[in-house]
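Peer 1: pasting a predicted model and its sequence here:
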Amino acid sequence: MHSTYLFAALLLVAGDLAPLTRAGEEANVPADPLPAEAVKLGDHFRSEAAKIAQQYAETIKNMPAIQQTQLTSLQKKLQEAGDLDGYLTVTKEIERFADALKAEPDPFEKVPELPAGALVEKPDSLRALQDQYIKAHKEKRDIRDKGIEDRARNYIAQMENLKSELTIKGRIRDAIAVKKEIERIRKGLEDKTFVQQTLTAANPPARSSVIEPAATNNEVPVYGKVPEWAKWQFDRTGNFAGDASIFLHPDLPDQLNIDFAHKIGRGRISGRCEVERQTVDMRECAWFGKAIQWKVKDFSTLNATITLQSKEIAAGQGYGPKAYLLLLNEKGALGEGLEATLMWKEVTLTIAKDPDSNRCTLGWVEGKKKKTIDLPASGNVRVLFGIALRNLGERCDTTISMQ
């Protein structure tokens, strides 16, 4: 059933851990993985979270069928009462609800088979059924989320004890790794992203109520080999001017929202165009939004596919939303970046390193565009991906999935 699909492949990954460079200091470079004791605690947490997710899936599994039965019953009552308008409205809702259950779910809706646009004003009895259905879903999600959060806090308490034990034993590197993991989870709980990141760690089949095997330890949630993009060093997200390739400048307008889980390569950029033109770094700019940046030392890992699914699509060239993909070094952009107007609900961008030369190709599949970049002989490069809007009132609502 449509309502029983579940983002259920669970993953908890360690944060950006830092090893000691001198006694008592942490360097801003990747560190040792979590020690075995912490991995065991994490495995137990994931197992408990999977049980909660499974309980939620079982709880909501029969809800659509119950709703359909109640709709049919209401239809009959309205017919018997001689309420033709009410009867026709309920009949329309029965058909719409059934079609929605067969269709691909909308990833932007918490209850895909009953989005806000399907809610009616009259008859009151039908609206009451719809509100009851949405409320029931919310209550069950809240129970699931609270269960995961409670177990996460217990996990933090166990990790705090482990951190103290490791410190006493002189295992400072391991203690720092545990400390970073604790900080990562606490931050996720504070900004209300932890549960969703846990549940959306992978893309499960849309209508499966079966829990996929959870990814373990510090693995990236991709079945098979670890993808090349997972080896990049995530830098940050921030404000962006697409037409000038300006990132994180203090004069950039804070436009659009971004939520990106870099460990799993999934996120969302959304919002409305509020600023049409503005001078940034002595340049007149017109495309503003948000971007994600990575640092790459090993050029052989410059291989990725970025799939974008957009609820709001561009009216044509010169309109937003528009995606940007660039390679840069300390001197600026390497060659010409790739621009892709999001005129399709799904757009695919690619990064491909030529194994036989020091060149990399940026591609836009639907637009049949490619940009070939000459890479530097040494040093680092940065990968910059962003989405921007241009015209006042334009909207963006795009999910990002890296493969």
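Peer 2: Done, it's in. Numbering: from 1, shown residues only.

Peer 1: list the residues that contact R382.
Peer 2: By CB atoms under 8 Å, 6 or more residues apart in numbering, R382 lies in contact with D235, Q293, W294, K295, V296, L327, L328, N329. Yep, even glycine has a C-beta here, placed from its N, CA and C like the rest.

Peer 1: and the third one, what's its pLDDT?
Peer 2: Among the per-residue scores, W294 holds a pLDDT of 96.

Peer 1: wait, it sits on N380?
Peer 2: No: judged on CB atoms under 8 Å, W294 makes no contact with N380 at a distance of 10.2 Å.

Peer 1: look at those two and report which has more neighbours.
Peer 2: When neighbours are counted by other CB atoms under 10 Å, W294 and N380 differ, and W294 comes out ahead with 19 against 14.

Peer 1: check the secondary structure at the more buried one for me.
Peer 2: Local secondary structure at W294 is given as strand here, using DSSP: H, G, I helix; E, B strand; the rest coil.

Peer 1: ok, now which ones touch the residue nearest to it when sequence neighbours are not counted?
Peer 2: For W294, ignoring the flanking residues on the chain, the nearest one in space by CB to CB, 6 or more residues apart in numbering is W232 at 4.0 Å. The contact partners of W232, taken as CB under 8 Å, 6+ apart, are W294, K295, V296, T301, V383.

Peer 1: between those residues, which is closest to E336?
Peer 2: Distance from E336 was checked for each of the contacts of W232 by CB to CB. The minimum falls on V383, at 15.1 Å.

Peer 1: hey, what's that closest one bridged with?
Peer 2: On DSSP bridges, the residues paired with V383 through beta bridges are W294, L327.

Peer 1: how far away is it from W364?
Peer 2: As defined by CB to CB, to the nearest Å, V383 lies at a distance of 15 Å from W364.

Peer 1: E183 and A36: what is the separation?
Peer 2: When CB to CB is the yardstick, E183 and A36 sit 20 Å from each other.

Peer 1: quick one, which of the two is more surrounded?
Peer 2: Set side by side, E183 and A36 show unequal neighbour counts under other CB under 10 Å, the larger going to E183 at 13 against 10.

Peer 1: Three-state assignment for the more buried one, please.
Peer 2: Reduced to three states with three-state DSSP, the structure at E183 is helix.

Peer 1: and Q309, by the same measure?
Peer 2: For Q309, the secondary structure call by three-state DSSP comes out as strand.

Peer 1: G335 reaches I373, doesn't it?
Peer 2: Yes: A contact is recorded between G335 and I373 when judged using CB under 8 Å, the distance being 4.3 Å.

Peer 1: list residues touching both of those two?
Peer 2: Counting by CB under 8 Å, 6+ apart, the shared contacts of G335 and I373 are L327.

Peer 1: who's more crowded, the two?
Peer 2: Relative neighbour count places I373 above the other of G335 and I373, with 21 against 16, counting by other CB under 10 Å.
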